[in-house]
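# show me how the following folds:
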Amino acid sequence: MTASLTLTGITYETDGRTLLHGIALDARPGETVGLVGPNGSGKTTLLRCVYGTLRPSAGSIHLDGDELTALGPKARARRVASVPQDSPGEFELTVREIVAMGRAPHKRFWEQDTANDASVVDDALHRLRITDLADRAFPSLSGGERQRALVARALVQRPALLVLDEPTNHLDIRYQLEILGLIRTLGTTSLLALHDLNLAAYYCDRIHVLKAGRLVASGTPHEVLTPELLAEVYRVKAEIAVHPTTGAPTITYLPPA
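All right, here's what the predicted structure looks like:
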């Protein structure tokens, strides 16, 4: 299942401050689309508007032509799954119970889990390599283990759109590569914020760059990740080369002169 995402004129204001200024971007069916930008650029705020914990002050968000803000929470959760950057760990549930929560949007309140639900959960645990953690209490996990469990929970929702805020947060490099590689193979439309520009260059079909709540560049990694843009947005010097094996742009940061 996949879908097209279109954001038009998304503005978000709070406490007299404008955090997003008329953002317009899209993600085509099956694409992996990255949001990049310095800390405070508005990436998390924009993602929260997409998956529904914030309501834009202006603008529209459409998924396959349907306005997401018009959907109720359960209907929205059947189509959009999210993995936030940080998640509280105080609830005393097992990893399997946390992952199984992703099936809730597809069930009535009184319905019990079925054999199919259990199979979907088992598959997600396996794909995220956390089967051995299934009976562990969620609060006892490391940050990286929690992140993988939350990605598994999102997968079992079987969404048309997957929204991830720093999905490689807390992960060592092996699991960073595995999770981003898995996202690429799902066939689901994915919108994700990434801190590591080299990972964004390799795994994203297109990249949108935010600075101070404004969209300043959009395009393929080759089009967007240039020394000039990095100097303007990140205030760093960098050299960009095409990696001989991957064909993706590879960034080497240079110390200040």
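# okay, CA-based contacts and neighbour counts for the rest of this
Will do.
# any low-confidence regions in the stretch 151-257 of the chain?
Within the stretch 151-257 of the chain, no stretch has pLDDT under 70.
# for it, which segments count as helices?
173-185, 197-203, 221-224, 227-233 (DSSP state H, counting those that start in this stretch).
# show me the contacts for the spatially most central residue of the chain.
Central residue check for the chain by C-alpha atoms, centre = their mean: the C-alpha nearest the mean position is that of L164, 1.6 Å away. For L164, the contacting residues are L47, S82, V83, P84, Q85, S190, L191, L192, A193, by C-alpha atoms under 8 Å, 6 or more residues apart in numbering.
# how close does R206 get to P244?
Between R206 and P244 the distance is 20 Å, computed by C-alpha to C-alpha, to the nearest Å.
# out of the contacts of L164, which are inside strands?
S82, V83, S190, L191, L192, A193 (DSSP state E).
# beta partners of the first one?
Using DSSP bridges, the bridge partners assigned to S82 are V163.
# pLDDT score assigned to it?
On pLDDT, S82 comes in at 93.
# state the distance from it to V216.
25 Å.
# what about those two, which has more around it?
S82 (27 against 16; other C-alpha atoms under 10 Å).
# tell me which residues touch that one, please.
S82 neighbours (C-alpha under 8 Å, 6+ apart): Y51, A154, L162, V163, L164, D165.
# now with 6 Å?
L162, V163, L164 (C-alpha atoms under 6 Å, 6 or more residues apart in numbering).
# of the residues you listed, closest to S140?
In terms of C-alpha to C-alpha, no member of the contacts of S82 lies closer to S140 than L164, at 22.7 Å.
# circling back to that earlier point, let me have the helices of the stretch 151-257 of the chain in CSV, extended by distance to T114.
Listed next are those as CSV, based on distance: least, C-alpha to C-alpha, whole Å:
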stretch, distance to T114
helix 173-185, 26
helix 197-203, 35
helix 221-224, 43
helix 227-233, 50
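# mind putting those helices in JSON lines, mean neighbour count and distance to D117 included?
Listed next are those as JSON lines, based on neighbours: other C-alpha atoms under 10 Å; distance: least, C-alpha to C-alpha, whole Å:
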{"stretch": "helix 173-185", "mean neighbour count": "15", "distance to D117": "21"}
{"stretch": "helix 197-203", "mean neighbour count": "20", "distance to D117": "30"}
{"stretch": "helix 221-224", "mean neighbour count": "18", "distance to D117": "38"}
{"stretch": "helix 227-233", "mean neighbour count": "16", "distance to D117": "45"}
